[in-house]
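# Below is the sequence, then the predicted model.
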Amino acid sequence: MSLRALPLVAIPLILYNLLMTFAGSTPADEFFRQPLFSIQMLKGATWSFTRGDLVIFVTMSMLFVELIKSTWTGAASLVDHGLSMLVFIICIVEFLAVNAAATSTFFFILFGALIDVVAGFTIGIRVARRDLSIGADV
């Protein structure tokens, strides 16, 4: 199995769980609202980048790479789609059953996993149809 078959949307899921492990007794909502850094803008406003923002940023970045990966065809892409479905199932179970996962940050990880599954199969089918139509003698 190649590394290309591993779903990258699992990275934000693992990151979220690691951060919650080290959060201690701090409630999840409060922990993910704590700023990592703040930047003073030109008009005087302050932009704060929180821990939750970091996890969402990582989720969107991994989702972008997953969408690009879904355009490749082959056995590795089939394994990737299956493992992406497994990551989505883990996310939905964790969201429903674990108190620390009942946050908006985790919901966006869950939604990213859903998009990965749906878009992966949809794009994969479209690419396969295109490959078949190119090879057909019409």
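Received, thanks. Numbers count the residues shown, from 1 in each chain.

# Could you check the pLDDT of residue 68?
Predicted confidence (pLDDT) for residue 68: 88.

# Which secondary structure element of this structure has the lowest mean pLDDT?
When each helix and strand of the chain is scored by mean pLDDT, DSSP states H and E, helix 104-135 comes last, with a mean of 83.

# Just the buried residues of that one, please?
By 16 or more other CB atoms under 10 Å, the buried positions in helix 104-135 come out as 105-106, 108-110, 112-113, 115-117, 120, 123-124. Placement of C-beta: from N, CA and C, glycine included.

# can you give me how far stretch 20-34 is from the chain middle?
Centroid separation for stretch 20-34 versus its chain: 20 Å, with CA atoms, centre = their mean, to the nearest Å.

# Just give me the closest of the buried residues of helix 104-135 to residue 8.
Nearest to residue 8 among the buried residues of helix 104-135: residue 116, at 8.4 Å, using CB to CB.

# just checking, the closest one touches residue 11?
No. Between residue 116 and residue 11 there is no contact under CB atoms under 8 Å: 11.6 Å.

# which residues are in contact with both of these two?
Residues touching both residue 116 and residue 11 by CB atoms under 8 Å, 6 or more residues apart in numbering: none at all.

# Counting by contacts, list what the helix or strand hosting residue 82 packs against.
Per DSSP states H and E: residue 82 is located in helix 75-97. Here helix 75-97 touches helix 10-22, helix 51-69, helix 104-135, going by 3 or more CB pairs under 8 Å, 6 or more residues apart in numbering; DSSP states H and E.

# hmm, try it at 7 Å
Helix 75-97 sits against helix 10-22, helix 104-135, with contacts defined as 3 or more CB pairs under 7 Å, 6 or more residues apart in numbering; DSSP states H and E.
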